[in-house]
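1. Predicted model and sequence below, questions to follow.
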Amino acid sequence: MERDYLISWKAAGISLGLLLILATALVKPLGVSTQFVVSDAAVIHKVAPEFAEENAYLAKYGVKEDWGVGYGWLLVIGMFVGGGIASMLSRKQQPEQDKGSMPPMWKERFGDSMSKRYMAAFGGGVLLLFGARLAGGCTSGHMISGVPQLAVSSFIFAVTGFGAAILMAKFLYRSRPGV
Amino acid sequence: MSTLIIGFLIGCAFGAILYLGGATSYRRILGTLRLKDMWIIKLMGTAIGVGTLGIYLLDLGGLANMSIKPAYIWGVALGGIIFGIGWAVSGFCPGTCVVGAAEGKKDAMMTVGGGLVGALLFSLAFPYIKESLIETANFGNITLASLLGVGGIYLAIGLSVALLGVVFFVLKDKYE
């Protein structure tokens, strides 16, 4: 059988753990979801400064040095660049089923409508960031970085996040009687 | 070296690892969430196992720049549930959709767009939910170590050994 991965979960997991240690030693642990607010806030501070100042949440982001376009924001830009370069260099080796915008598993279950897939991806994105901002972090900030710091909040997030995701995935892919 | 450059370089490595490790793959994410292919949980368990031990070793030398998130029980739990539903529906999380978009996946780009909207909606909702979900039952920046009154390094060793043990010996070949 053709190899269905680029690097193993062991290689990826160990490198990610070492990267987290390096980031914690040099600056601070990894995090992504805050930067969605920073990006929103940076734009709103430009186009509607009064509105941004009035909102207790947006006022914190996008202007002040600490919360603005800084370390965290460049980290996310780096993710885009690093992921992009890695994918350009290994496009040929990428497993066939992981290419493109229509995952075969989705297609088999929900049909080949692209708009349906895009709507789910967009709606899922809305929930992802609303939930992550309410909880104060996402997979990176809470699970990958928070659990290793033994933060109580991150254990709560890991359990509720994985729990809800597993139940939702089981529901989406439930076996339908008679089909 | 400037903090911004360090951030950029760490981000580059982070993005490359997520892509190469298959974390942007719908097959891997949903395979894990459906409990059929445990790839992502093994990847994360390994990273967390290595990271926990490393961070608390750094901490022994006073070198860890920790950033403990506050434990406001209701907001974190409800946020986790909403996040989890979005994770299963989209097949991405806030980091992997950025990397998926860089790969050229259009569904990942939609998730980035949805994420910007979701973050904005949260900003709008914040004044109304601040008191009930974030200020109530907020125990501050507590860790398991401070909560239990045990040295962090002992808990870290325990958690690392347990996680790596489960990942490498229990889940190792299962579902592969």
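-> Right, received. Where do you want to start? Computed from a predicted model, the values in this text were never measured in an experiment. Numbering: from 1, shown residues only, chains lettered A, B, ... in the order given.
2. which stretch of helix or strand covers the residue most central in space within chain B?
-> Nearest to the geometric centre of chain B sits B:Met44, at 8.4 Å (CA atoms, centre = their mean). Taking DSSP states H and E as the definition, B:Met44 sits inside helix B:39-60.
3. Alpha carbons of that helix, in CSV - could you do that?
-> Written as CSV, here are the backbone C-alpha positions of helix B:39-60 (Å, rounded to 0.1, in the frame of the first residue of the first chain):
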residue,chain,number,x,y,z
TRP,B,39,-3.6,9.7,14.4
ILE,B,40,-4.3,13.3,15.7
ILE,B,41,-4.7,12.2,19.3
LYS,B,42,-1.4,10.3,19.1
LEU,B,43,0.2,13.4,17.5
MET,B,44,-1.2,15.7,20.2
GLY,B,45,-0.5,13.3,23.0
THR,B,46,3.1,13.0,22.0
ALA,B,47,3.5,16.8,21.7
ILE,B,48,1.8,17.4,25.1
GLY,B,49,3.9,14.6,26.7
VAL,B,50,7.2,16.0,25.5
GLY,B,51,6.1,19.6,26.1
THR,B,52,4.9,19.1,29.7
LEU,B,53,8.2,17.6,30.8
GLY,B,54,10.2,20.2,28.9
ILE,B,55,8.3,23.2,30.3
TYR,B,56,8.5,22.0,33.9
LEU,B,57,12.2,21.3,33.5
LEU,B,58,12.7,24.8,32.1
ASP,B,59,10.6,26.0,35.1
LEU,B,60,13.0,24.3,37.5
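4. how much space between the residue nearest to the centre of chain B and B:Leu133?
-> Shown here: B:Met44 relative to B:Leu133, a distance of 27 Å by CB to CB, to the nearest Å. (Glycine included, C-beta is placed from N, CA and C.)
5. Any idea how many residues pack against B:Ile5?
-> Residues lying near B:Ile5 (other CB atoms under 10 Å in any protein chain shown) number 12.
6. looking at chain A, which helix or strand is least sure?
-> helix A:49-54 (a mean of 89; mean pLDDT, DSSP states H and E).
7. re earlier: next, the buried residues of the helix holding B:Met44.
-> Across helix B:39-60, burial judged by 16 or more other CB atoms under 10 Å in any protein chain shown covers B:39-56, B:58-59.
8. Can you tell me which helices and strands it packs against?
-> helix A:9-26, helix B:26-33, helix B:152-165 (3 or more CB pairs under 8 Å, 6 or more residues apart in numbering or on different chains; DSSP states H and E).
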